[in-house]
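Participant: After the sequence you'll find the predicted model.
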Amino acid sequence: MYNRQFQSQFQKRLRLKSVYPAIGMILAAHLAACSSSDSTTMLGATTSSGLETKFERESYGAKKIDLQPTNLSFAGAVIADEPTAALIARTTLEKGGNAADAATALYFALSVTYPAAAGLGGGGACLVRDAETGDVSSVSFLTRKPMSGGAFGVPGNVRGFAIIQARFGSKPWAQLVSPAERLAATGMQTSRATARQLSTSQNLTRQFTKADGSNYGEAEPLRQIELASTLARIRARGVVGFYQGDTAHLLVAASDDMGGGLTSSDLSQYLPGIVDAPKKTIGELDVSLLDAATKSGAFSENLWADVQNASTASAVEAAGNAAAASVGESANGEDMGATSFVTIDGKGGAVACSLTMNGSFGTGKAATGTGVVFAPAASSASAFLTPVIVDQANAKDGLYVAAAGAGAPKAGASALAVVAAALSGQKGAGDRALAASPANATSPANAIVCSEGLPRGTCRLSLSPDSAGVGLSAVSTGS
């Protein structure tokens, strides 16, 4: 069922540092549909991490996928900062899901596997390209201050991905949430990406430390039973299972105990914003950014003005200067608990997302019985989320670039520098711009660049520098 030739094209440049053992029931079930008897050739559960040196990053970081317009087996691609969640998104594409379905499954998996940046208590923003119409929507679901003005942010992620999936997805909601639920319940092997977070954060709650108080290391099993229960309610009841009922009561009670200020009304009345994404037309291409009414959108718009006018050679320098002008150096070095990812499907649908917990592992305080870590109500992290999509103006066909940055301003600058470089038309310019950018593991920028426009030609998957994530192609299994 798995297209071995297609797999080889994608994987031959990727060097893995170590081969993990099987990582339990959930990934075994998901990989079964696309694996072969020779498991040593599979990216599968072995993708903890990436490339060993800067030289290897430059040599192998941009993965090229040959896409033939007549090759109906191509189902899409995904690039994310944590590989276990990326595998779940790939499986969604291979089972017939579109980019919105894959993004939803990816997010909920990240809430389990990459909690420092993608917990259920956080927020974010996405751009979504509808393959049927070519329209791009800006979806904002940032954390908000409670009506009391308290310290805990009103979570936005569950509502945000619910509206993305409802408007643009094609698969049943429960099918997209259940992989994350099973992963939390049965346990995961800690990936290199997550082990990094656990080893550097000072904000860990008891669910992320072992009984003796030490951190989980790479490849060690981690179960999150309380989070699994919360995901089960979300799977069964949708957003009501999080913003009302048992989970909401537990969140409010915990917030009361900790002085966070959340109320039932804060949760039940939370609504994301969704509008047509503002476009900047350059020649025959449209550059779509977040709604400028949001802080993130305003940052993207101001930054783009600097980046787009730079020559290809100086695009990264211009982006860096614009970022430095936005905030001080200290903010550039701060871990804001952020992540970015991109999903595309074979029809030209795309989702580019930037998420944040407003600090690594948010407040470091969790609601008992839920596995949900609260994010701070106020943080500059929400201002620097920078998804961007480039497509052919006034046409349904032709997705050219989908990229996203998150964290400190340098990540947003890096994402837009990739776009500016890619628009120059020089082969591999986007890859080089990202490799030379100041993005890193805590302020990531990831991009998929299709130089001739999807579904024609080729696409390149470019990982953030210093990333422990992965880019994966998907081949339709017909199921």
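Facilitator: Sure, I can see it. Residues are numbered from 1 along each chain as shown.
Participant: alpha carbons only for contacts and neighbour counts from here, please
Facilitator: Will do.
Participant: What residues of stretch 441-457 count as buried?
Facilitator: For stretch 441-457, a neighbour-count test (16 or more other C-alpha atoms under 10 Å) marks 441-451, 453-456 as buried.
Participant: Between the residues you listed, which sits nearest Met258?
Facilitator: Of all the buried residues of stretch 441-457, the one with the least separation from Met258 (C-alpha to C-alpha) is Thr442, at 27.7 Å.
Participant: and the closest residue to the closest one other than its chain neighbours, what element?
Facilitator: Leaving aside its sequence neighbours, Thr442 sits nearest to Asp335 (C-alpha to C-alpha, 6 or more residues apart in numbering; 5.5 Å). Using DSSP states H and E, Asp335 maps to neither a helix nor a strand.
Participant: Name the spans of this structure whose pLDDT lies under the cut-off.
Facilitator: By pLDDT under 70, the low-scoring segments of the chain are 1-72, 202-205, 309-333, 457, 477-479.
Participant: picking that back up, could you check how many residues crowd around the residue nearest to Thr442?
Facilitator: Neighbourhood size, Asp335 [other C-alpha atoms under 10 Å]: 22.
Participant: Could you do Lys95 as well?
Facilitator: Using other C-alpha under 10 Å, the number of residues around Lys95 comes to 18.
Participant: wait, it sits on Ala474?
Facilitator: No. Assessed by C-alpha atoms under 8 Å, Lys95 is found out of contact with Ala474, at 9.4 Å.
Participant: Tell me the first helix or strand C-terminal of the helix or strand harbouring Val287.
Facilitator: In the assignment (DSSP H and E), Val287 maps to strand 285-288. Sequence order places helix 295-308 as the next helix or strand after strand 285-288, per DSSP H and E.
Participant: Show me what counts as buried in that next one.
Facilitator: Lys295, Ser296, Gly297, Ala298, Phe299, Ser300, Glu301, Leu303, Trp304, Asp306, Val307, Gln308.
Participant: Could you list every helix and strand in contact with that helix?
Facilitator: In terms of contacts (3 or more C-alpha pairs under 8 Å, 6 or more residues apart in numbering; DSSP states H and E), helix 295-308 is packed against helix 315-326, strand 386-392, helix 409-422.
Participant: quick one, it and strand 386-392 angle?
Facilitator: If you take axes from the mean of the first three to the mean of the last three C-alpha atoms, to 10 degrees, helix 295-308 sits at 60 degrees to strand 386-392.
Participant: Hmm, Ala77 is touching Leu472, no?
Facilitator: Yes. Judged on C-alpha under 8 Å, Ala77 makes contact with Leu472 at a distance of 5.6 Å.
Participant: Looking at the two now, which is surrounded by more residues?
Facilitator: Ala77 (28 against 23).
Participant: quick one: what helix or strand has that one in it?
Facilitator: strand 74-80.
Participant: what pairs with that strand, and is each one parallel or antiparallel?
Facilitator: strand 338-345 (antiparallel), strand 470-475 (antiparallel) (DSSP bridges).
Participant: if we look at it, which residues are touching it?
Facilitator: With contact meaning C-alpha atoms under 8 Å, 6 or more residues apart in numbering, strand 74-80 is reached by 67, 86, 89-90, 93-94, 96, 99, 340-346, 446-448, 461-463, 469-476.
Participant: what's the closest non-adjacent residue to Asp81?
Facilitator: Using C-alpha to C-alpha, 6+ apart and skipping the chain neighbours, the partner closest in space to Asp81 is Gly469 (3.9 Å).
Participant: That neighbour: how many residues sit nearby?
Facilitator: 28.
Participant: do the one 4 residues further on as well
Facilitator: A count of neighbours around Ser473, defined by other C-alpha under 10 Å, yields 27.
Participant: What's opposite the closest residue to it other than its chain neighbours in the beta bridge?
Facilitator: The shortest distance from Ser473 to any non-neighbouring residue, by C-alpha to C-alpha, 6+ apart, is to Ala77 (4.3 Å). Under DSSP bridges, the beta-bridge partners of Ala77 are Ile344, Ser473.
Participant: Which elements pack onto the strand holding Val287?
Facilitator: strand 279-282, strand 386-392.
Participant: just those: most buried one?
Facilitator: strand 386-392 (a mean of 30; mean count of other C-alpha atoms under 10 Å).
Participant: the inter-axis angle of whichever helix or strand comes after that strand versus strand 338-345?
Facilitator: Going down the chain from strand 386-392, the next helix or strand is strand 399-405, by DSSP H and E. Relative orientation of strand 399-405 versus strand 338-345 (the same axes, to 10 degrees): 160 degrees.
Participant: Okay, now the sheet partners of strand 399-405, with direction.
Facilitator: Sheet pairing of strand 399-405 (DSSP bridges) gives strand 386-392 (antiparallel), strand 445-454 (antiparallel).
Participant: Output those strands as CSV; include the columns distance to Phe141.
Facilitator: Listed next are the strands paired with strand 399-405 as CSV, based on distance: least, C-alpha to C-alpha, whole Å:
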stretch, distance to Phe141
strand 386-392, 13
strand 445-454, 19
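Participant: what's the closest of these to Leu127?
Facilitator: strand 386-392 (6.3 Å).
Participant: still on that earlier bit, so the residue nearest to Ser473 versus Arg460, what's the distance?
Facilitator: 10 Å (C-alpha to C-alpha, to the nearest Å).
Participant: got it, and Pro179?
Facilitator: Plainly put, Pro179 is 27 Å away from Arg460 if you go by C-alpha to C-alpha.
Participant: Please apply the same query to Asp257.
Facilitator: In terms of C-alpha to C-alpha, Asp257 sits 49 Å off from Arg460.
Participant: More neighbours: those two, which one.
Facilitator: Arg460 (23 against 10).
Participant: Any idea how far the helix or strand where the more buried one lies is from the middle of the chain?
Facilitator: Arg460 belongs to strand 458-462 when assigned by DSSP H and E. Relative to the centre of its chain, strand 458-462 is centred 17 Å away, using C-alpha atoms, centre = their mean, to the nearest Å.
Participant: Adjacent strands (with direction) for that strand?
Facilitator: Strand 458-462 sits in its sheet next to strand 62-66 (antiparallel), strand 445-454 (antiparallel), going by DSSP bridges.
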